[in-house]
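[1] here's a sequence, model it:
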Amino acid sequence: MKKFMTMARQFRDDEDGAAMVEYSILIGLITAATIAIIVGVGFYVTDAWNTLCDNLGTTCTSNKG
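    Numbering: from 1, shown residues only. Sure thing, here's the model as predicted:
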């Protein structure tokens, strides 16, 4: 039991784990923001492409195979 308590105190006082959690949260937030920006740009480009096609009077097609 004494060994367990000593190990628990060492774990509590160790700040490396807390820093790793903080960095993990930061990486998650940056990743979510990046994905949101990429999706937003995709919607903007799609809308601009459709507007261009409408103004030219053509049908927009994709080359998906």
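
[2] quick check, distance from the helix or strand of the chain with the lowest mean pLDDT to the centre of its chain.
    Comparing helices and strands within the chain by mean pLDDT, DSSP states H and E singles out helix 2-13 as the least confident, with a mean of 74. How far helix 2-13 lies from its chain's middle: 36 Å, per CA atoms, centre = their mean, to the nearest Å.

[3] helix or strand right after that helix?
    On the C-terminal side of helix 2-13, the nearest following helix or strand under DSSP states H and E is helix 16-56.

[4] which stretches of the chain have low pLDDT?
    Per-residue confidence of the chain (counting by pLDDT under 70) places the weak regions at 11-18, 62-65.

[5] could you redo the last one with a cut-off of 90?
    Counting by pLDDT under 90, the chain contains low-confidence residues at 1-23, 50, 53-65.

[6] hmm, back to that, angle of the least confident helix or strand of the chain against helix 16-56?
    Using axes from the mean of the first three to the mean of the last three CA atoms, to 10 degrees, the interaxial angle of helix 2-13 with respect to helix 16-56 works out to 40 degrees.

[7] C-alpha coordinates for helix 2-13, PDB please?
    The C-alpha trace of helix 2-13 is given here as PDB (Å, rounded to 0.1, in the frame of the first residue of the first chain):
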ATOM      1  CA  LYS A   2       2.900   2.400   0.800                       C
ATOM      2  CA  LYS A   3       4.400   1.700  -2.600                       C
ATOM      3  CA  PHE A   4       1.100   2.500  -4.300                       C
ATOM      4  CA  MET A   5       0.700   5.800  -2.300                       C
ATOM      5  CA  THR A   6       4.300   6.800  -3.300                       C
ATOM      6  CA  MET A   7       3.600   6.000  -6.900                       C
ATOM      7  CA  ALA A   8       0.300   8.000  -6.800                       C
ATOM      8  CA  ARG A   9       2.100  11.100  -5.300                       C
ATOM      9  CA  GLN A  10       4.800  10.900  -8.000                       C
ATOM     10  CA  PHE A  11       2.100  10.700 -10.700                       C
ATOM     11  CA  ARG A  12       0.300  13.700  -9.200                       C
ATOM     12  CA  ASP A  13       3.400  15.800  -9.000                       C
END
